[in-house]
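Participant: let's see this in three dimensions:
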Amino acid sequence: MTDLLDKLFETHSLTKDEIIDALRMMDDAQHKTRLFDYANRTRLAHYGPRVFMRGLVEFSNYCRRDCMYCGIRAGNRKADRYRLAPEDILACCREGYELGYRTFVLQSGEDMWYTEERLIGILGMIREEFPDAAITLSIGERSRSEYEAFYKAGAERFLLRHETASRELYQSLHPSMSYDNRMDCLRMLKEIGYQVGAGFMVGLPGQTLEHLAEDLDFLHRFQPEMIGIGPFIPHSETPLKGSKGGTVEDTLVMVAFARLLVPKANLPATTAMGSLDPQGREKAIKAGANVVMPNLSPTSVREKYDLYENKICIGDEAAHCRGCIEMRIKVSGFEVDMGRGDSLNWQTAVKA
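Facilitator: Here you go, the predicted model:
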């Protein structure tokens, strides 16, 4: 059975059944240590000790969806809603640019107030003022024509977590949403030319080892340029408020497997990891992650973007956020890279 980890490290490929068998091995501390070592060595081989910094702007917590686990779901009547005006979004990017960021991640709920026209205008302003910066969108499901328009306007990357590769589990967690449409959106984004980010949560109610193997198998087949994996953290204003949450340790295993199955992907050490464990992001970096996303949003709205509760860094100014995580990265033995940090998968495809 230990040969499976060697095979994964050497070939970056396992069948779904082999992934299940390898996941079962993670009860053994020695196997887990080997997994993390292989993941770290793989990431060092491709990206070296660099950790890319992205500036995150959470510009709206309105959402038309009712995902069972999310604190900004449409059904949460206690959510304190906000929207940032286009000039406020630009101001966040301006501050980030002065701090050295060359990637801006614009994230929101599925807020249709930001029409195609409005978003094109926002993208145009950012692209005009910061032509050397990369722009990432994370705004959920839209039509193909909108995705194409945003790409033409300057968005080069798009984060859309697949959430779970299990149709049954997806439908149970996303009433009013379509598993097929989610997957179609991911495929469309890749066809258009975006650097595409997929990903999932670990520890969701009803999630099994087989479900997690499906997620990893999907990532291996889809080969996204970015992969976001974080622990499920229950929110008190959702139907899953009484559920047990995911753990940092289980999430680290998924991050390491993702690094080995998609070796050239960019993998964030998520804020959720740091919210559960003061060393959570550092542990993720050592298990194969190579991206962090400090917050550039105004401190006045940060606590309102509560996908989950007890989120860290909501009161920190942007400069402090950058300084804090930079220090953590260096102490962990890695290097900060403020550049665009394009995915190696994407760079290879462009050259071809």
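
Participant: now do the end-to-end distance for stretch 259-274.
Facilitator: This stretch, stretch 259-274, spans 19 Å end to end (Cα to Cα, to the nearest Å).

Participant: now residue 294: closest residue in space, sequence neighbours ignored.
Facilitator: Excluding its sequence neighbours, the residue lying closest to residue 294 (Cβ to Cβ, 6 or more residues apart in numbering) is residue 321, at 3.9 Å. Bear in mind the C-beta positions are built from the backbone N, C-alpha and C, glycine included.

Participant: mind listing what's buried in the helix or strand that contains the one you found?
Facilitator: Using DSSP states H and E, residue 321 sits in helix 318-331. The neighbour-count check on helix 318-331 (16 or more other Cβ atoms under 10 Å) flags 318, 321-322, 325-326, 328-329 as buried.

Participant: pLDDT of that helix, averaged?
Facilitator: Taken as a whole, helix 318-331 carries a mean pLDDT of 92.

Participant: tell me where the stretch 51-200 of the chain has strands.
Facilitator: For the stretch 51-200 of the chain, the strands defined by DSSP state E, counting those that start in this stretch occupy 55-60, 103-108, 134-138, 157-159, 195-202.

Participant: in CSV: the ones you listed, plus mean pLDDT and mean neighbour count.
Facilitator: CSV is the format used below for these (pLDDT from 0 to 100; neighbours: other Cβ atoms under 10 Å):
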stretch, mean pLDDT, mean neighbour count
strand 55-60, 98, 25
strand 103-108, 98, 24
strand 134-138, 98, 21
strand 157-159, 98, 26
strand 195-202, 98, 26
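
Participant: residue 286 is nearest to which of those?
Facilitator: Closest approach to residue 286 among the strands of the stretch 51-200 of the chain (Cβ to Cβ): strand 195-202, 17.3 Å.

Participant: so which elements touch that closest one?
Facilitator: Here strand 195-202 touches strand 157-159, helix 179-192, helix 209-222, strand 226-231, helix 248-261, going by 3 or more Cβ pairs under 8 Å, 6 or more residues apart in numbering; DSSP states H and E.

Participant: and residue 172, what does it touch?
Facilitator: 68, 206 (Cβ atoms under 8 Å, 6 or more residues apart in numbering).

Participant: apply 10 Å and report the result again.
Facilitator: Contacts for residue 172 (Cβ atoms under 10 Å, 6 or more residues apart in numbering) come out as 68, 164, 166, 204-206.

Participant: list the buried ones in stretch 147-157?
Facilitator: Applying 16+ other Cβ under 10 Å to stretch 147-157 flags 147-151, 153-157 as buried.

Participant: dump those residues into TSV; add distance to residue 286 as well.
Facilitator: Output for these, formatted as TSV (distance: Cβ to Cβ, whole Å):
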residue	distance to residue 286
147	35
148	39
149	40
150	35
151	34
153	38
154	34
155	31
156	29
157	25
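
Participant: looking at those, which are in helices?
Facilitator: Among the buried residues of stretch 147-157, the members found in helices (DSSP state H) are 147-151, 153.

Participant: quick check: longest helix in the protein by residues?
Facilitator: Longest helix of the chain, by residue count under DSSP H: helix 29-47.

Participant: give me the angle between it and helix 248-261.
Facilitator: Taking axes from the mean of the first three to the mean of the last three Cα atoms, to 10 degrees, one finds helix 29-47 and helix 248-261 inclined to each other by 50 degrees.

Participant: where do the helices of the stretch 1-150 of the chain begin and end?
Facilitator: 3-11, 16-24, 29-47, 86-98, 116-129, 144-153 (DSSP state H, counting those that start in this stretch).

Participant: report the angle between the fifth one and strand 134-138.
Facilitator: It stands for helix 116-129. Angle of helix 116-129 versus strand 134-138, following the same axes, to 10 degrees, is 160 degrees.

Participant: now helix 116-129: mean pLDDT?
Facilitator: Mean pLDDT, helix 116-129: 98.

Participant: buried residues in that helix, which are they?
Facilitator: Neighbour-count burial for helix 116-129, counted by 16+ other Cβ under 10 Å, picks out 116, 119-120, 122-123, 125-126.

Participant: repeat for the longest one
Facilitator: Going by neighbour count (16+ other Cβ under 10 Å), the buried part of helix 29-47 is 31-32, 34-36, 38-40, 42-43, 47.
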